[in-house]
Each structure stands twice: as C-alpha cells, then as structure tokens.
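In: Need a 3D model of the following:
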Amino acid sequence: MKRFLIVLATGAALAAADLPMAAAGAGGAPVPATFSCAPVSVAAPAGTRVESVTALRREGGTVDGTGVVGGQVTGVPAYCEVTVTLTHPGDDDHAEVRTWLPLIGWNGRFQALGGSAYAAGDNNVGLGTAVKNGYAGTTTDAGLGDAVDVSWALSAKGQVNTALLENLASRSQHEASIVGKQVVAAAYGRHPSYSYFNGCSTGGRQGYMEAQRYPDDFDGILANAPAVHWDAFEVATLWPQVVMNNEKTYPSACEFKAFTDAAVKACDPLDGAQDGLVNDVARCDFDPRRLIGTTVVCDGRELTVTAADAAVVRKIWDGPRTGSGRKLWPGVPVGADLSGLAGTTRPDANGVVKGAPFPVPALWVSTWLKKQPSFDVSTITYDQFTRLFEQSRAEYDRIIGTDDPDLSAFRDSGGKLLSWHGQADQFIPTQGTVDYRRQVERTMGGTKRVDDFYRLFLVPGAAHCGLNRGQGTTDDLAALTAWVERGKAPTTLPATLVDATGRSVKRDLCSYPEVSRYSGHGGPAAAAGFRCVPPSRH
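Out: Reported below is the predicted structural model:
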C-alpha cells in the first residue's frame with residue numbers, strides 16, 4: 001500500500017491525579033494549578049447524543065501514528081486523553097472525538113486536527129505534535145475507518161451511506177470543534193484563548209469547509225494542499241490511468257522521471273536563477289515530444305523514448321478533457337512525480353505491464369460512482385470518463401465539493417485562513433487551489449480585500465503535503481498565530497526547501513499572486529537573493 005504524504009497529522013489507564021500546570025496560557029490568563037484527568041460533562045451538539053465519555057492518563061514519550069499513514073513524534077509530554085463518543089439518532093453511527101490535554105505547560109490554545117484520504121481525523125501524530133507544542137488537541141474519526149478503508153460507504157443493498165458521507169464531508173469536524181472546546185473548558189476551568197484548525201489534504205479540505213460552513217468555529221485555519229472541489233478532482237486524478245489504458249502505453253517510473261527532470265531543467269531558469277526549482281509552474285511550457293528518440297537508462301537497460309510515451313505524458317500534464325477538447329480539470333503539475341497517479345505494475349512473466357491506480361480516486365469512482373467495489377477502473381474509456389466526471393459533480397458537489405467562494409461570514413467573524421500548496425504536488429493538482437482562490441477574489445472584491453483574511457503560498461518543488469515531512473520545512477502555524485493574535489499578516493512565509501539535487505535551500509515563499517524572482521545578488525541557495533514580484537513582471 002502506498003504511503004500518503006501529509007503534514008500532520010497509548011498505554012494503560014492510571015488513576016486520576018492532580019498535576020501542576022504552567023503559570024499562564026496564550027491569552028495571559030492564569031492556568032489552573034491543578035488538573036484532574038477524569039471524565040467531564042459534555043453537552044451534545046445539535047442533532048447528536050453523547051453515548052459515552054472516558055478519560056485516561058497517558059505518559060507521553062514516543063507516539064506512533066496508526067494506519068497506512070504512520071509517522072512518529074518523540075518527546076511528547078504526559079497528557080490526558082478524553083474520548084467522547086457521539087451518535088446521530090437514526091443514523092446508527094458512532095463517532096469518537098478525542099481530546100489530548102497537556103498535564104503541564106498548556107499554552108491556552110486549542111487546535112483541531114484534520115484527516116487524510118478517507119480518514120476523517122488524525123492518526124495521533126498531529127495530536128502528539130500539538131501536545132508537544134503546548135496545545136490542547138482534538139480530532140474525530142467521524143465513525144469511519146483508516147485512510148483507504150471505505151467499507152462503510154455502501155449499505156448491504158449497495159446504496160450510499162449518506163449519513164457517514166456527511167460525517168466525512170462536514171458535520172463531524174464541526175461537532176468535534178464544539179465538543180473539544182467543551183472538554184478543554186471543563187478540564188482547565190476556562191475556555192481556550194484562541195482556537196485553530198490544522199490539516200493537509202483531506203485535512204486541508206476540512207479547513208476550507210470550516211471557513212465556508214462554520215465560520216465561527218476557529219480564529220485561525222491552517223489548511224494546506226486542500227482537497228477542495230473533491231467531487232471533481234477525485235475523478236480527474238484517475239485521468240493518468242485512463243490515458244495509459246486507452247493509449248495502451250505504460251511508461252515506467254524511471255521513464256516518467258526522465259520527462260520530469262527534462263522539464264525542470266528547461267523551466268528552472270525562468271525565475272532568473274538555476275537553482276533546481278521551478279518557481280512558477282504555470283509558465284513552464286516544456287513539450288515532452290522533445291525527448292522522442294532519446295535514451296534513458298532504467299534498471300540497467302537503455303530505453304528509447306517513443307512518440308507514444310511523449311503523448312501519454314503530454315495528456316497527463318494537460319489534464320482531462322472531453323472528446324470535443326473541453327478542459328475538465330488541471331493536470332499533474334510539471335515537476336511532480338508522475339508515477340504517483342500514473343503508477344504501473346512490474347512486468348509479469350510475459351512482460352505485460354498494467355496500470356496501478358492510486359487508491360483514493362479509484363475507490364471514489366468504484367464505490368461512490370459505480371457503487372460496485374469490485375469495478376475494474378482500467379476498463380474506463382475516454383467517453384465514460386467524461387460521464388463519470390459529470391456524474392460526480394452532479395451527485396456530490398453539494399455534499400463534499402467544498403468550493404463555495406463566498407467567505408464573507410468567515411471574514412466578518414475575524415477569522416484568518418492560511419494555506420500553502422506544493423507546486424510539485426503529485427496527488428492534488430495545485431492549479432485547483434489557485435482557481436479556488438481566484439474565485440474567492442472575483443466574489444469578494446479582488447486580491448487586496450481577500451488578502452486581509454486569506455493568504456495562499458505556492459511552494460516550489462514541494463510534493464503533496466511535503467513541507468515539514470522531510471521535503472522542506474516552514475513554521476506555518478507560528479505565522480498563523482502571529483496573524484490571529486498580533487495582527488501580523490504574513491507577507492512571505494520563510495521556508496527551507498529541497499531542490500532537484502537534494503540540496504537544502506532557503507526561500508521566502510511569496511503570497512499569491514506574487515512570484516519569486518532572483519535579483520542577481522547573493523547565491524541562489526539563500527533567500528536574500530530572491531524577491532517577490534507581481535506575475536506581470538516575472
């Protein structure tokens with residue numbers, strides 16, 4: 001099973017104990033000197049019933065992430081885990097809301113954690129990181145399973161379980177914010193000074209959903225590589241498989257890399273510096289046909305790039321279109337790992353290679369659209385693809401599209417939304433997020449007005465949820481808290497990136513729509529050598 005790339009994301013029960021806390025939290029108010037890890041009274045959010053409340057003292061230390069996402073966080077201090085199980089009467093669901101409360105050093109802030117793929121909540125790594133940084137953290141499983149477990153999606157009669165889909169789409173995250181804040185207030189004797197949401201991918205979509213549907217839930221939302229337009233892009237990201245199957249051409253990961261490397265090399269200098277990073281992928285017009293006839297060494301064998309190989313790459317980069325040529329969705333960004341969505345099997349005994357689709361879009365199509373979990377997505381023709389794309393928009397946009405551009409209620413509540421998206425995202429096309437931001441600008445009065453509460457940063461060379469997961473770092477949460485609590489809007493987002501050679505370089509990420517341009521002063525590995533300029537001057 002492929003591991004999903006995301007930013008963020010116990011032991012035996014002990015008797016309740018009174019433990020000292022830090023002297024003050026984020027808002028300056030005193031934190032209780034004692035803390036009892038015990039079940040608390042919780043008022044059920046509207047439409048739910050509380051089934052149970054438990055509390056367990058955990059010793060902390062090293063916390064391992066569960067499920068296929070995995071991960072690990074070390075140095076986690078002792079914490080109290082309060083679990084509230086909710087049900088929606090008549091829906092036969094059981095959603096756990098888990099809140100981790102630092103036993104010492106609470107900073108007065110609340111942080112809710114999002115999920116990944118079909119998992120609605122965090123797998124413990126995000127919670128552990130939150131507690132390590134002094135936050136009280138909350139997440140919910142929405143009554144679902146792991147990231148690629150969709151056994152809950154259909155009833156025995158093959159009908160979509162709309163209640164659980166609504167849990168995943170919106171209502172469980174909102175309910176978790178209500179419950180989590182109640183638990184914090186009951187445990188510490190006061191409400192959190194500030195409340196934040198933190199998520200990437202599915203978690204990013206949940207963050208945008210909160211801003212659109214529940215604008216008063218959070219003071220600040222950190223929502224990266226957001227899976228907005230879910231109903232559209234989940235079908236769209238099956239396109240690479242549809243192309244290979246219909247063209248009956250299956251380039252290997254090594255061959256795909258040759259195209260990507262050539263494109264990066266050709267487009268790297270567009271920002272004025274050869275630094276191993278493409279700073280404005282939208283300007284990269286490298287034609288994959290330039291590689292036809294060249295050779296690439298894969299697994300010790302010399303392979304010649306064919307016109308069929310180039311045609312496949314060209315279609316994948318371009319993105320899905322109808323038979324008449326109408327564009328449906330952006331393609332995989334130039335510079336991203338094409339084998340993420342265009343995976344293939346190893347040759348069998350007869351040398352036959354087949355497509356190996358990424359599970360998330362394959363499951364969406366087979367389960368929610370075809371309603372046949374055993375459906376073979378390799379049989380989809382170009383015409384069938386277009387019909388599936390349109391079906392998904394018609395059936396599910398209202399439930400899980402998360403693409404409402406009217407954020408006026410969130411703006412009026414004083415909320416701040418901060419996002420970054422890797423320009424080499426192999427699973428969620430970056431341009432979809434850019435298009436959403438443009439829709440917000442058209443709806444809400446232009447770039448400057450939107451910048452007052454919503455800022456987007458595009459990250460050169462970063463893969464899906466890549467920052468802070470070994471492909472670069474940035475202190476995005478600190479930037480958000482400074483914006484929310486001190487009114488210091490981030491004009492740039494300082495980051496350490498990894499270029500095409502694996503070297504670490506410093507960059508100040510530019511706030512969209514500005515782009516980075518090399519000034520000619522200083523080395524290209526230093527942030528000081530670059531400046532942010534309007535795209536018209538780039």
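In: now the helices: where do they sit in the chain?
Out: Ranges of helices within the chain are 125-132, 162-166, 172-188, 202-213, 230-236, 239-247, 253-267, 307-318, 359-363, 382-400, 408-412, 430-444, 447-451, 476-486, based on DSSP state H.
In: Residue 324: which of the ones you listed is closest?
Out: With Cβ to Cβ as the criterion, residue 324 lies closest to helix 382-400 of the helices of the chain, at 9.3 Å. (Each C-beta comes from the backbone N, C-alpha and C, glycine too.)
In: Could you name the helices and strands sitting against the closest one?
Out: Packing partners of helix 382-400 (3 or more Cβ pairs under 8 Å, 6 or more residues apart in numbering; DSSP states H and E): helix 162-166, helix 230-236, helix 239-247.
In: Residue 354 is nearest to which of those helices?
Out: For the helices and strands packed on helix 382-400, proximity to residue 354 was assessed by Cβ to Cβ; helix 239-247 is nearest, at 8.4 Å.
In: The closest one - what's its average pLDDT?
Out: The average pLDDT for helix 239-247 rounds to 98.
In: same question, stretch 508-527
Out: 87.
In: what comes up buried for that stretch?
Out: Buried residues in stretch 508-527, counted by 16 or more other Cβ atoms under 10 Å: 508-518, 524-525, 527.
In: next one: stretch 132-145
Out: By neighbour count on 16+ other Cβ under 10 Å, the buried set for stretch 132-145 is 132, 134-144.
In: next one: stretch 254-265
Out: Under the neighbour-count criterion of 16+ other Cβ under 10 Å, stretch 254-265 has 255-260, 262-264 buried.
In: what are the bridge partners for residue 304, then?
Out: Legend: beta-bridge partners of residue 304 under DSSP bridges are residue 295.
In: ok, it touching residue 291?
Out: No: counting by Cβ atoms under 8 Å, residue 304 stays clear of residue 291, with 9.9 Å between them.
In: More neighbours: these two, which one.
Out: residue 291 (22 against 11; other Cβ atoms under 10 Å).
In: Give me the neighbour count for the nearest residue to that one once chain neighbours are set aside.
Out: Of all residues not flanking residue 291 in the chain, residue 305 sits nearest, at 4.6 Å (Cβ to Cβ, 6 or more residues apart in numbering). Here the count is done by other Cβ under 10 Å, and residue 305 has 22 residues near it.
In: Quick check: the gap between residue 305 and residue 317.
Out: Taking Cβ to Cβ, to the nearest Å as the measure, residue 305 falls 15 Å from residue 317.
In: what's the answer for residue 229, then?
Out: Distance of residue 229 to residue 317, given as Cβ to Cβ: 19 Å.
In: for residue 227, same thing?
Out: The gap separating residue 227 from residue 317 is 21 Å, by Cβ to Cβ.
In: now the most centrally placed residue in the chain: how far from residue 382?
Out: The centroid of the chain falls nearest to residue 201 when counting by Cα atoms, centre = their mean (1.5 Å). Between residue 201 and residue 382 the distance is 28 Å, computed by Cβ to Cβ.
In: Also residue 348?
Out: For residue 348, the distance to residue 382 (Cβ to Cβ) stands at 26 Å.
In: Pick out whichever of those two has more residues nearby.
Out: Taking neighbours as other Cβ under 10 Å, residue 348 and residue 382 compare with residue 382 leading, 17 against 9.
In: Looking at the more buried one now. What's its pLDDT?
Out: 98.
In: need the contact list for the residue lying closest to residue 423 once chain neighbours are set aside.
Out: Excluding the flanking residues, the one nearest residue 423 by Cβ to Cβ, 6+ apart is residue 281, at 4.6 Å. Contacts for residue 281 (Cβ atoms under 8 Å, 6 or more residues apart in numbering) come out as 267, 333-335, 423-424, 430.
In: what residue ranges in this structure are flagged as low confidence?
Out: The chain contains residues with pLDDT under 70 at 1-34, 469-470, 536-538.
In: Give me the distance between the residue in it sticking out farthest from the centre and residue 265.
Out: Centroid-distance maximum for the chain: residue 350 at 39.1 Å, with Cα atoms, centre = their mean. Going from residue 350 to residue 265 by Cβ to Cβ gives 36 Å.
In: Ok, residue 358 next?
Out: With distances taken as Cβ to Cβ, residue 358 is found 26 Å from residue 265.
In: just checking, residue 113 touches residue 200?
Out: No: under the criterion of Cβ under 8 Å, residue 113 makes no contact with residue 200, lying 10.1 Å away.
In: Of these two, which one has the most company?
Out: The neighbour comparison of residue 113 against residue 200 (other Cβ under 10 Å) goes to residue 200, with 37 against 31.
In: The more buried one bridge partners, please.
Out: For residue 200, the beta-bridge partners under DSSP bridges are residue 224.
In: Quick one: end-to-end distance for stretch 159-171.
Out: This stretch, stretch 159-171, spans 20 Å end to end (Cα to Cα, to the nearest Å).
In: Show me which positions of that stretch end up buried.
Out: In terms of neighbour count (16+ other Cβ under 10 Å), stretch 159-171 has its buried residues at 160-161, 164-171.
In: Surely residue 103 and residue 56 touch.
Out: No: checked against Cβ under 8 Å, the pair residue 103 and residue 56 is beyond contact range at 12.0 Å.
In: Now do the shared contacts for the two.
Out: Shared contacts of residue 103 and residue 56, counting by Cβ under 8 Å, 6+ apart, come down to 37, 80.
In: Of those two, which one has the most company?
Out: residue 103 (21 against 17).
In: measure that one to residue 39 for me?
Out: Relative to residue 39, residue 103 is positioned 16 Å away (Cβ to Cβ).
In: Repeat that for residue 372.
Out: 44 Å.
In: The two - which one has more neighbours?
Out: A direct count of neighbours by other Cβ under 10 Å for residue 372 and residue 39 places residue 39 higher, at 16 against 12.
In: ok now do that one, which residues does it touch?
Out: Applying Cβ under 8 Å, 6+ apart to residue 39 gives the contacts 53-55, 82.
In: Would you show me how to pick out the buried ones of the residues you listed in ChimeraX?
Out: Buried residues within the contacts of residue 39, by 16+ other Cβ under 10 Å, are selected in ChimeraX with:
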select :53,55,82
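In: Identify the residues contacting residue 440.
Out: Applying Cβ under 8 Å, 6+ apart to residue 440 gives the contacts 405, 407, 450, 454.
In: Just the ones of those in strands?
Out: Residues of those located in strands (DSSP state E): residue 454.
In: Make JSON lines out of the contacts of residue 440 and add neighbour count.
Out: Formatted as JSON lines, the contacts of residue 440 follow (neighbours: other Cβ atoms under 10 Å):
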{"residue": "405", "neighbour count": "17"}
{"residue": "407", "neighbour count": "21"}
{"residue": "450", "neighbour count": "23"}
{"residue": "454", "neighbour count": "24"}
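In: Pretty sure residue 114 sits against residue 210.
Out: No: the pair residue 114 / residue 210 is not scored as a contact, 9.2 Å apart, by Cβ under 8 Å.
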